[in-house]
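[1] sharing a model prediction with you, sequence too.
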Amino acid sequence: AGYYGEGLNAIIVFAACYLPDSNLADYHYIMENLFLYVISSLELLVAEDYMIVYLNGATPRRRMPGLGWLKKCYQMIDRRLRKNLKALIIVHPSWFIRTVLAISRPFISVKFINKIQYVHSLEELEQLIPMEHVQIPDCVLQ
């Protein structure tokens, strides 16, 4: 979605509304491969600091990843990628996301928890990052 700061650090955007429906027969296979694709892409894109913007708006519950999958992702992410992550911005956080993160606190490092920011509107997001290269899906805009 572009870069921020003097070092031109990457901004990575994930739109949850594009995740597969959990009712699919091969859902676990798809999610496993999606995670591996995301990690390999991050390793190529991220040389220095980066931030992730997670667009949660307009995402039905059946498209949100489960707690087990999120935990596995966190555990499999290379230490360098976790260390270089400067912010995880969650836009339009649902009660489910906030609850999952609250329950996960004992299992996640304090340093990582401190990187999480909740943003409740796209206007608020615009105050944090340059938006000229961020493509917001129509369903999130609505």
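    Alright, I've got the coordinates.

[2] H133 - that's part of a helix, no?
    No: counting by DSSP: H, G, I helix; E, B strand; the rest coil, H133 is not found in a helix; it is coil.

[3] next, count neighbours for it.
    11 (other C-beta atoms under 10 Å). Bear in mind the C-beta positions are built from the backbone N, C-alpha and C, glycine included.

[4] between the two ends of stretch 107-116, how far is it?
    The straight-line separation of the ends of stretch 107-116 (C-alpha to C-alpha, to the nearest Å) is 15 Å.

[5] same check, this time on stretch 16-30
    14 Å.

[6] tell me the contacts of I12?
    Contact analysis of I12 by C-beta atoms under 8 Å, 6 or more residues apart in numbering lists A1, L42, L45, V46, Y50, M51, I52, V53.

[7] let's see 6 Å
    The contact partners of I12, taken as C-beta atoms under 6 Å, 6 or more residues apart in numbering, are I52.

[8] which element, helix or strand, includes the nearest residue to I108 once chain neighbours are set aside?
    Residue nearest to I108 in three dimensions, not counting chain neighbours: Y74, with 6.6 Å by C-beta to C-beta, 6 or more residues apart in numbering. Assigned by DSSP states H and E, Y74 belongs to helix 67-76.

[9] quick one: residues in contact with that helix.
    The contact list for helix 67-76 (C-beta under 6 Å, 6+ apart) reads M31, F35, V100.

[10] could you do stretch 19-38 as well?
    For stretch 19-38, contacts defined as C-beta under 6 Å, 6+ apart pick out R62, R63, W69, C73.

[11] now the helices for this protein?
    In the chain, the helices defined using DSSP state H lie at 27-45, 67-76, 79-84, 95-104, 110-113, 122-126, 138-141.

[12] any idea which of those scores lowest on pLDDT?
    Comparing mean pLDDT over the helices of the chain, the weakest stretch is helix 67-76, at a mean of 73.
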